[in-house]
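# Here's my sequence, what's the structure:
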Amino acid sequence: MEGGKEHGVIVAKFAPPQQNLIEQLQVKYKELEKGFQAWLAEQTLPVETVVNSAINGAQGAAMGYFMGILTKDVSTSIPTASQANLNPQAMASFQQAQALAGGPLIQARNFAVMTSVNAGISTVMKRLRGKEDIQNSMAAAFGSGAMFTLVSGMGGPNPLANAVSSGLFFALIQGGIYKLGEKFSQPPAEDIYYSKTRSMLNNLGLQKYEKNFKQGLLTDNTLPLLNDSALRDVKIPPGPRLLILDHIERDPEWKEVRKQPVK
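Numbers count the residues shown, from 1 in each chain. Below you'll find the model as predicted:
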């Protein structure tokens, strides 16, 4: 029996691990994407702009084509301009509805122009200004919104004025989205006091007890002073308490601090 167990352990140890094909493809894709981005960053501004515009334009065309298929039934129910006896203001709204409810090819063209212009302006702004911020994002949104209005036929009787209005609307929306993204992507201000605590808990597999530390105001500065009583007060179970205290005891950064008497 013992020999069989040892043989099983050896086989398990040297057997090749099963690899997930999807994970392999994801890793390969990330490597290719990283290499492509590194190559693109070394190119001149015109080359980078053209490549980014082409890639995003193709993505926009695919998205627009799909949307055109979904709205195809709607577009067939809208009468043609010759069938509609409308005043100028109503005719402008009618043209906008036609533009938004166009077929797959029309929507593919409209979205391709919008996304390629957005990518082109973003690339130029980022390269010239050396950073990516809300100004770049809003400028790109303005240009893409204006071009979408002109290409799609939503301009009506005053295409330039409507293009500017649409561009401003796109820019304001994009600016708001950018600010919301910044707000939700940044950790709360209080998290800076729990960076070491979070790292310790992650290493121990005790991430779920971070909220206990915060509820008890046990910040990074209190880590060298922790004892069983303090951890018990914040309702951390005995097992995790032992792991946390042992980790702190072994950490050379905090070992000397713990030896010092508390004043």
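# which stretches of this protein form helices?
Assigned by DSSP state H, the chain shows helices spanning 2-14, 21-41, 45-70, 72-76, 88-100, 104-129, 134-152, 159-185, 195-204, 210-215, 228-233, 238-250, 252-259.
# hey, least reliable of the ones you listed by pLDDT?
Mean pLDDT values for the helices of the chain show the minimum at helix 2-14, a mean of 49.
# In a markdown table, list the helices of the chain along with distance to Asn221 and mean neighbour count.
Where C-beta positions appear, they are placed from N, C-alpha and C, glycine not excepted. Formatted as a markdown table, the helices of the chain follow (distance: least, C-beta to C-beta, whole Å; neighbours: other C-beta atoms under 10 Å):
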| stretch | distance to Asn221 | mean neighbour count |
| --- | --- | --- |
| helix 2-14 | 44 | 9 |
| helix 21-41 | 38 | 10 |
| helix 45-70 | 46 | 17 |
| helix 72-76 | 62 | 12 |
| helix 88-100 | 57 | 15 |
| helix 104-129 | 39 | 21 |
| helix 134-152 | 35 | 22 |
| helix 159-185 | 26 | 15 |
| helix 195-204 | 9 | 15 |
| helix 210-215 | 12 | 16 |
| helix 228-233 | 13 | 14 |
| helix 238-250 | 13 | 14 |
| helix 252-259 | 10 | 11 |
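# Find the residue closest to Arg129 in space, skipping its chain neighbours.
Spatial nearest neighbour of Arg129, chain neighbours left out: Asn136 (6.7 Å); criterion: C-beta to C-beta, 6 or more residues apart in numbering.
# what's the answer for Tyr65, then?
Nearest to Tyr65 is Ala108, by C-beta to C-beta, 6+ apart, at 4.1 Å.
# again, but for Asp191
That would be Arg198: by C-beta to C-beta, 6+ apart, it lies 7.7 Å from Asp191.
# related to what we said a few turns ago, which residues does the residue nearest to Tyr65 contact?
By C-beta atoms under 8 Å, 6 or more residues apart in numbering, the residues touching Ala108 are 61-62, 64-65, 68.
# what's the distance between it and Lys34?
Going from Ala108 to Lys34 by C-beta to C-beta, to the nearest Å gives 29 Å.
# Give me the contact list for stretch 132-149.
Outside stretch 132-149, the residues that touch it by C-beta under 8 Å, 6+ apart are 110-111, 113-115, 117-119, 121-122, 125-126, 129, 154-155, 159, 162-164, 166-175, 178-179.
# circling back to that earlier point, check the spacing between the residue nearest to Tyr65 and Phe36 real quick.
Remark: distance between Ala108 and Phe36 (C-beta to C-beta) = 24 Å.
# Please apply the same query to Ala61.
Separation of Ala61 from Phe36 (C-beta to C-beta): 20 Å.
# try Ile173
30 Å.
# just Met114 next, same as before
Distance from Met114 to Phe36, counting by C-beta to C-beta: 23 Å.
# Find me the pLDDT at Gln43, would you?
Predicted confidence (pLDDT) for Gln43: 89.
# Give me the neighbour count for it.
Neighbour count for Gln43, taken as other C-beta atoms under 10 Å: 12.
# so how far is His247 from it?
Relative to His247, Gln43 is positioned 48 Å away (criterion: C-beta to C-beta).
# again, but for Asn202
The gap separating Asn202 from His247 is 11 Å, by C-beta to C-beta.
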